[in-house]
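Participant: predicted coordinates and the sequence they were generated for:
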Amino acid sequence: MTARIALISATPLAIPPAAAALRDAFPDGDIWNLLDDRLLADAEREGGITEPLAARMDRLIDLALDGGADGVLLTCSQFGVRADARDRVAGGPAVLSADGPLFAEVVAARPERVLLVASLDSAAADSAERLGEALAAAGLDTTVRTVVVRAAVGAGDALADVLGDAIAGEGTDGEPIVLAQYSLAPAAAALAARFGAAVLDGPSAAARRLTADIESAGR
């Protein structure tokens with residue numbers, strides 16, 4: 001499928017797993033990377049997403065749309081509200097937050113419980129809160145368990161083993177495993193094979209959503 005997908009990132013670390021998932025979905029597609037690698041540092045210095053920082057992200061989104069993107073994906077969850085706040089023009093390109101499609105897939109599965117995996121305490125807390133809100137909004141009483149695997153940072157080729165050992169230590173009974181960060185996505189297939197469970201990650205969920213949107217729009 002021919003498509004131009006714009007990835008808007010606040011750190012270069014998020015680009016490879018997002019680009020890999022999109023290349024699988026759109027082998028003939030055009031991946032367009034827009035990077036502002038000061039957004040997160042400036043947000044930390046300012047104590048949050050200020051109006052000027054939100055406006056910077058909005059300008060990147062507008063740049064992508066004006067440049068003919070068939071879909072836009074924000075790879076940084078902290079700026080996801082800038083995608084969620086967009087009114088989608090009928091028949092226009094989707095502008096997706098980093099984990100909006102991921103949370104939608106978790107909700108659609110209607111699980112009794114899920115295991116949320118992160119490499120940082122802040123990421124685990126933020127994702128667990130927002131996932132819990134999405135589940136509650138759908139009327140679900142799903143238990144969200146979390147495990148923080150700090151050793152996953154910089155694990156490289158050993159990422160799947162490091163995550164898998166931590167998950168095994170927590171115990172799992174076949175519930176879905178949700179990878180909270182794009183940097184953990186490369187381990188998804190290996191974890192699914194090891195535990196025989198559904199393993200959901202943000203880049204793959206976003207690629208599936210964009211595929212459906214672009215096919216339905218005939219682009």
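Facilitator: In hand now; what should we look at?
Participant: next, the buried residues of stretch 70-79.
Facilitator: By 16 or more other C-beta atoms under 10 Å, the buried positions in stretch 70-79 come out as D70, G71, V72, L73, L74, T75, C76, S77, Q78, F79. No exception for glycine: its C-beta is placed from N, CA and C like everyone else's.
Participant: tell me what the fifth one is bridged to.
Facilitator: Counting by DSSP bridges, L74 forms beta bridges with I8.
Participant: ok, it - contacts?
Facilitator: The contact partners of L74, taken as C-beta atoms under 8 Å, 6 or more residues apart in numbering, are I8, S9, M57, I61, G80, R82, A83, V95, L96, S97, A98.
Participant: return the subset of those residues lying in helices.
Facilitator: Of the contacts of L74, the ones assigned to helices by DSSP state H are M57, I61, G80, R82, A83.
Participant: of all those, which comes closest to T143?
Facilitator: T143 has its nearest neighbour among the ones in helices among the contacts of L74 in G80, at 23.6 Å by C-beta to C-beta.
Participant: against A166, how distant is the residue positioned nearest the centre of the chain?
Facilitator: Nearest to the geometric centre of the chain sits G202, at 3.0 Å (C-alpha atoms, centre = their mean). Noted for G202: a distance of 19 Å to A166, by C-beta to C-beta, to the nearest Å.
Participant: and the least confident of the ones in helices among the contacts of L74?
Facilitator: Of all the ones in helices among the contacts of L74, G80 carries the smallest pLDDT score, 82.
Participant: what's near enough to touch that one?
Facilitator: Contacts of G80 (C-beta under 8 Å, 6+ apart): L74, S97, A98, D99, G100.
Participant: do the same with A69
Facilitator: R4, I5, A6, W32, P93.
Participant: distance-wise, check it relative to T172.
Facilitator: Here the distance between A69 and T172 works out to 38 Å (C-beta to C-beta).
Participant: next one: N33
Facilitator: In this view, N33 and T172 are 35 Å apart by C-beta to C-beta.
Participant: now do G202
Facilitator: For G202 relative to T172 (C-beta to C-beta), the value is 20 Å.
Participant: now do A207
Facilitator: 25 Å.
Participant: pick out whichever of the two has more residues nearby.
Facilitator: Each of A207 and T172 has its neighbours counted (other C-beta atoms under 10 Å); A207 has more, 23 against 19.
Participant: pretty sure the more buried one sits against L22.
Facilitator: Yes: under the criterion of C-beta atoms under 8 Å, A207 makes contact with L22 at 5.3 Å.
Participant: so who does the nearest residue to T75 once chain neighbours are set aside touch?
Facilitator: Excluding the flanking residues, the one nearest T75 by C-beta to C-beta, 6 or more residues apart in numbering is A14, at 3.9 Å. By C-beta under 8 Å, 6+ apart, the contact list for A14 reads T75, C76, A98, Y182, S183.
Participant: closest to E51 among these?
Facilitator: Using C-beta to C-beta, C76 comes nearest to E51 of those, at 17.4 Å.
Participant: no more questions from me, cheers.
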